[in-house]
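Novice: 3D model of this:
(chains A and B)
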Amino acid sequence: MKKIIVDDKLIEHLLSLANIEIERDQFEKFKVQIQRILDYIAMLDELNTEGVPPMFSGIECPSTLRLDITQDGLSLTSAIQNAPAEKEGLFEIPKVID
Amino acid sequence: MEISRLGIFEIKNLLLKREVSCTELVRAYIERAKRLNPVLNCFITISEESALIEAKKTDDLITKRRDNIRPLEGLPVAIKDIFVTQNIRTTCGSKILENFIPPFDATIVRRLKDAGAIIFGKLNMDEFAMGSSNENSYFGPVRNPFDLSRSPGGSSGGSAAAVAAGLTPASIGTDTGGSIRQPAAFCGIIGMKPSYGRVSRYGMIAFASSLDQAGPMCRSVRDCAILLESIAGNDPKDSTTMSTPVPRYTDWTVGDPSEIRVGILRPEVYEGINPEVFLAYRGVIEFFERSGVPVTYIELPHIKYAVAVYYIIATSEASSNLARYDGVKYGLRAKEYKNLKDMYLKTRLEGFGSEVKRRIILGTFALSSGYYDAFFKKASQVRRLIANDFYRSFSKVNTIIMPVTPDVAFKLGEKISDPLSMYLSDIFTIPVNLAGLPSISMPAGKNKDGLPIGIQFIGKPFDEHVLINVAAFYEKESNCMDILNEVNL
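Specialist: The predicted model follows:
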């Protein structure tokens, strides 16, 4: 893992990927903190992990799937009861096509 | 009515002997919660109306019949605000869900209700369970009942403080990297993180899906067994729950030392931790040795990498899980925006706190093009090495004893500006989550200032019953739970 330099460009790229904005005064703080965290994480380089199968779950057993039987889900009223904006039973968002 | 020292078992007895009605009990807890919340800030929501309606139903039911009484019949219980509760506000400690009223119950909530429990409140926590101090809550920090200037730990800090101060007889928390065990240790109570796959995650708001697990937080090992028995087991709505049968955990509360084989790490591993914590840990080992329990050295050479691995895996999963908060289907939507993209940005800017943003950025980095192999894949490989270390050890022993935290409860504000130092305080709890193991945290004494020190017993996957046996033996012989008598609020 080559040394990662956390600069303005990298933070801006990540913010854009994550659809996140941060306040200007937080930007510099985050840059320093994330650099420190990545420097710490670089300790993993000490280990040779060639051929080690990655572990992606807390338990490695086959999933216990339920029977493929149709069941009722949430009613329309329940599904939209928390919608910030709703129109005729649909979630309403700003116009995306001109 | 004096309720501050009651656990589940005592409440069950009072109700069955008709010494108190369920309505009186629920009222007493709600009054106590209201009186002490300005001091401790444990509760985000108190669901008084629905709890009193349920209490009345329970009283009618108990009057009508004496048999078929369910395991948690009439038990008032407040739970971490990470579990969705039908028609009761669920915030996950975040502004983005400040007004969210779920249309359904989490499986653990359903199971608590089916066992007869009455949910009367939702407890404070770090936003989206991200934190070790409860200072990342949008609703303000919780205070530690042993010392109000200190943190109760996190992220289930509201649950731990509420149980310790007798604001609820027990609670359910969640543990992704130590969020049940560390606050339990800081507040002198018992907290169990079950094996990954033991308890359903359906309706538990997701932080890091391969690590999150719900478990009991309570005042005795017997209460822990009763609660776990009620919530554990396969759930068709969570395909990661195993169909392995759920033992009768209450049968394992006898505490039989002949079943116990203890593994410990060499003392060098603990260099740099608080000497009082190390002394308490040594005391527990000596206790088991004196009791004739075999104690063996084991090696976990990769646990020193656990925090680094965790902060790649947990943040990666979080960055994906939290993408759903976009202001469209539920939760906050920013008031002013120019277009759809801007609506996402403004909503997330206003709705998320800084720790959540920091972790989303970090996780986005670890998953982004060009960095995935070097970070996420590498971390997942080291995760395997950590898990293998544990599995190897369990061929020789059936419980590993470790401290829960390197230090006792820290002062509020002490670590909040230094995220890395906060992360490092989870060094002994994180490896357990990475390997998917069960672990129970309980008090092992106190420091010179009277602050609780925790110890954890770690077991093989699905060996919660073994841990309950170990914990019950230690509890019975050490009187460790007497520490809760020192809370006077």
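Novice: who touches the nearest residue to residue B:133 once chain neighbours are set aside in this structure?
Specialist: Counting by C-beta to C-beta, 6 or more residues apart in numbering or on different chains, the nearest residue to residue B:133 once its immediate chain neighbours are dropped is residue B:151, at 4.2 Å. (C-beta placed from N, C-alpha, C; glycine too.) Counting by C-beta atoms under 8 Å, 6 or more residues apart in numbering or on different chains, residue B:151 touches B:133-135, B:141-142, B:144, B:157, B:186, B:409-412, B:414.
Novice: cutoff 6 Å now
Specialist: B:133, B:409-410, B:412 (C-beta atoms under 6 Å, 6 or more residues apart in numbering or on different chains).
Novice: tell me which parts of the stretch 251-400 of chain B are close to chain A?
Specialist: Residues of the stretch 251-400 of chain B found near chain A (C-beta under 6 Å from any C-beta of the partner chain) are B:308, B:327-330, B:333, B:339-340, B:343-345, B:348-349, B:357, B:360-361, B:364-365, B:374, B:377-378, B:380-384, B:387.
Novice: Once you drop chain neighbours, what's closest to the residue in the stretch 1-150 of chain B that chain A sits nearest to?
Specialist: Nearest to chain A in the stretch 1-150 of chain B, going by C-beta to the nearest C-beta, is residue B:103, at a distance of 3.6 Å. Of all residues not flanking residue B:103 in the chain, residue A:78 sits nearest, at 3.6 Å (C-beta to C-beta, 6+ apart).
Novice: how close does the residue nearest to residue B:133 sit to residue B:433?
Specialist: Remark: distance between residue B:151 and residue B:433 (C-beta to C-beta, to the nearest Å) = 20 Å.
Novice: Which pLDDT value belongs to residue A:88?
Specialist: Residue A:88 is assigned a predicted lDDT (pLDDT) of 93.
Novice: so where does the residue nearest to residue B:103 fall, helix or strand?
Specialist: Using DSSP states H and E, residue A:78 sits within helix A:76-80.
Novice: cool, and residue B:277?
Specialist: If you go by DSSP H and E, residue B:277 is part of helix B:275-290.
Novice: List the buried residues of that helix.
Specialist: Using 16 or more other C-beta atoms under 10 Å in any protein chain shown as the test for burial, helix B:275-290 gives B:276-278, B:280-281, B:284, B:287-288.
Novice: what about the residue of chain A found nearest chain B, which SS state?
Specialist: As assessed by C-beta to the nearest C-beta, chain B sits closest to residue A:58 within chain A, at 2.8 Å. Classification of residue A:58 by DSSP: H, G, I helix; E, B strand; the rest coil places it in coil.
Novice: which ones are touching it?
Specialist: The neighbours of residue A:58, taking C-beta under 6 Å, 6+ apart as the test, are B:196, B:210, B:436.
Novice: now do residue B:240
Specialist: Residues in contact with residue B:240, defined by C-beta under 6 Å, 6+ apart, are residue B:197.
Novice: I'd like to know which elements the helix holding residue B:277 is packed against.
Specialist: The contact analysis (3 or more C-beta pairs under 6 Å, 6 or more residues apart in numbering or on different chains; DSSP states H and E) places helix B:275-290 against strand B:439-446, strand B:452-458.
Novice: who touches that helix?
Specialist: Applying C-beta under 6 Å, 6+ apart, the contact partners of helix B:275-290 are B:262, B:264, B:270, B:295, B:403, B:444-445, B:447, B:453, B:455.
Novice: repeat that for 8 Å
Specialist: For helix B:275-290, contacts defined as C-beta under 8 Å, 6+ apart pick out B:257, B:260, B:262, B:264, B:267, B:270, B:295, B:401-403, B:405-408, B:444-445, B:447-448, B:453, B:455, B:474, B:477-478.
Novice: and stretch B:151-163, how far apart are its ends?
Specialist: Stretch B:151-163 stretches 15 Å from its first residue to its last (C-alpha to C-alpha, to the nearest Å).
Novice: swap that for stretch B:30-50, please
Specialist: 12 Å.
Novice: do it and chain A meet?
Specialist: No - under the criterion of C-beta under 8 Å from any C-beta of the partner chain, chain A is not reached by stretch B:30-50; the shortest gap measures 15.5 Å.
Novice: which ones are touching the most centrally placed residue in chain A?
Specialist: Per C-alpha atoms, centre = their mean, the C-alpha nearest to the average position across chain A is that of residue A:18, at 7.0 Å. Taking C-beta under 8 Å, 6+ apart, we find residue A:18 in contact with B:319, B:323, B:360-361, B:364.
Novice: quick one, which of the helices and strands packed on helix B:275-290 is packed in tightest?
Specialist: Sort the helices and strands packed on helix B:275-290 by mean neighbour count, taking mean count of other C-beta atoms under 10 Å in any protein chain shown, and strand B:452-458 sits at the top with a mean of 28.
Novice: how far does the longest helix along chain A sit from the chain's center?
Specialist: In chain A, taking DSSP state H as the definition, the longest helix is helix A:24-41. Here the centre of helix A:24-41 is set off from its chain's centre by 18 Å, with C-alpha atoms, centre = their mean, to the nearest Å.
Novice: so what does that helix touch, helix or strand wise?
Specialist: Other helices and strands packing on helix A:24-41, by 3 or more C-beta pairs under 8 Å, 6 or more residues apart in numbering or on different chains; DSSP states H and E, are helix A:8-17, helix B:306-321, helix B:354-367, helix B:419-424.
Novice: Turn those into JSON lines, columns for distance to residue B:393.
Specialist: Below are the helices and strands packed on helix A:24-41 laid out as JSON lines (distance: least, C-beta to C-beta, whole Å):
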{"stretch": "helix A:8-17", "distance to residue B:393": "38"}
{"stretch": "helix B:306-321", "distance to residue B:393": "15"}
{"stretch": "helix B:354-367", "distance to residue B:393": "29"}
{"stretch": "helix B:419-424", "distance to residue B:393": "23"}
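Novice: Can you flag the weakest of the ones you listed by average pLDDT?
Specialist: helix B:419-424 (a mean of 85).
Novice: After that helix, which helix or strand is next? Please name it.
Specialist: Note on helix B:419-424: by DSSP H and E, the next helix or strand toward the C-terminus is helix B:430-435.
Novice: got the residue ranges for the strands in the stretch 51-200 of chain B?
Specialist: B:76-80, B:118-123, B:170-174, B:190-193 (DSSP state E, counting those that start in this stretch).
Novice: Show residues contacting the second one.
Specialist: If I follow you right, that is strand B:118-123. Here strand B:118-123 has contacts from B:22, B:26, B:29-30, B:33, B:42-48, B:50-51, B:54-55, B:58, B:74-81, B:85, B:88-91, B:109, B:112-113, B:156, B:158-159, B:162, B:168, B:171, using C-beta under 8 Å, 6+ apart.
Novice: how far is that strand from where the chain is centred?
Specialist: On C-alpha atoms, centre = their mean, the centre of strand B:118-123 falls 15 Å from that of its chain.
Novice: now the angle from it to strand B:76-80?
Specialist: 30 degrees (axes from the mean of the first three to the mean of the last three C-alpha atoms, to 10 degrees).
Novice: go on, the third one?
Specialist: With the same axes, to 10 degrees as the criterion, the two stretches strand B:170-174 and strand B:76-80 enclose an angle of 20 degrees.
Novice: how close does the residue nearest to the centre of chain A sit to residue B:346?
Specialist: 14 Å.
Novice: do residue B:398 as well
Specialist: Taking C-beta to C-beta, one finds residue B:398 at 53 Å from residue B:346.
Novice: Pick out the most distant pair among the contacts of residue A:18.
Specialist: Taking every pair in the contacts of residue A:18 and measuring C-beta to C-beta, the maximum separation is 13.0 Å, between B:323 and B:361.
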